[in-house]
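Peer 1: okay, here's the prediction I keep looking at, along with the sequence it came from:
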Amino acid sequence: MGVNVSVNTIDRSLFLERRNGNQHQANIWPGGAGLSDALLDPYWSSHGIRITHDGCEAGRVEKTRALSRSDCALDTLRVCYDDTALYNCGRCEKCLRTLMALRICGALGRARTFPNGLSLADVHRLIVPRHVRHRYDELTAAARQAGDEAVLRAVQAAMGQQFSLAHSAAVLKQTLRDGALAGPLRSLLRAARGFRGAHQGATP
Ligand SMILES: [Zn+2]
């Protein structure tokens, strides 16, 4: 058929989930949301579940541009991952990503379901999960096309493509929280305490 596609099955995962805040019944991640997914994903179907694509001809920024033409859609827009009392928390990865798309589309000022607007400082501190990195590639291209340098810098910082002190601090914090550096840091502290003790006990 002349179709040239490739797929890495290790990267793909299917899960079923029901949440209160922003309900999902099924997701397949990550994929590129492109032709390869549309062709291959139906094969994940079974007798009990049918996998289809709806709207995969447009990316998230394009979809945001389309919905931003409707005040009704903007007034009811809910994307948040968090089960929060607020309609959208405005701070999670998905809220920030959506807010940047709204800003690029010139609709940020009309997005009333996000309580505190867009904080690009929060974007700098983001650590982008692997399964949504292609969304940030899309934002990079859209910000560049729109000439929005501040969003472009923030996205590149979040992706680790441009140095940002805030992002480096966030990565270090997460690494420490995950315990990856706990052992080496404990050794360093022990060594420092030993050095201080030997120094204090030394005869002048
Ligand atoms: Zn959120």
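Peer 2: Received, thanks.

Peer 1: please parse the chain into its domains.
Peer 2: 1-57, 58-165 (automatic domain parsing).

Peer 1: tell me which of these sits nearest to the ion.
Peer 2: For these, proximity to the ion was assessed by CB to the ion; domain 58-165 is nearest, at 3.3 Å. Using the backbone N, CA and C atoms, a C-beta is placed for each residue, glycine as well.

Peer 1: quick one: is the closest one near the ion?
Peer 2: Yes - using CB under 5 Å from the ion, domain 58-165 reaches the ion at 80, 82, 89, 92, 95.

Peer 1: I figured residue 111 hits residue 101, correct?
Peer 2: No - judged on CB atoms under 8 Å, residue 111 makes no contact with residue 101 at a distance of 10.0 Å.

Peer 1: mind checking which of those two has more residues around it?
Peer 2: Ranked by neighbour count (other CB atoms under 10 Å), residue 111 and residue 101 place residue 101 first, with 28 against 22.

Peer 1: which residues sit in contact with the more buried one?
Peer 2: 60, 61, 64, 139, 142 (CB atoms under 8 Å, 6 or more residues apart in numbering).

Peer 1: tally of neighbours for the third one?
Peer 2: Other residues within reach of residue 64 by the criterion other CB under 10 Å amount to 26.

Peer 1: could you do the first one as well?
Peer 2: The burial metric for residue 60, expressed as a neighbour count using other CB under 10 Å, is 20.

Peer 1: confirm for me that it is in contact with residue 97.
Peer 2: Yes - shown here, residue 60 and residue 97 form a contact pair, counting by CB under 8 Å, at 7.5 Å.
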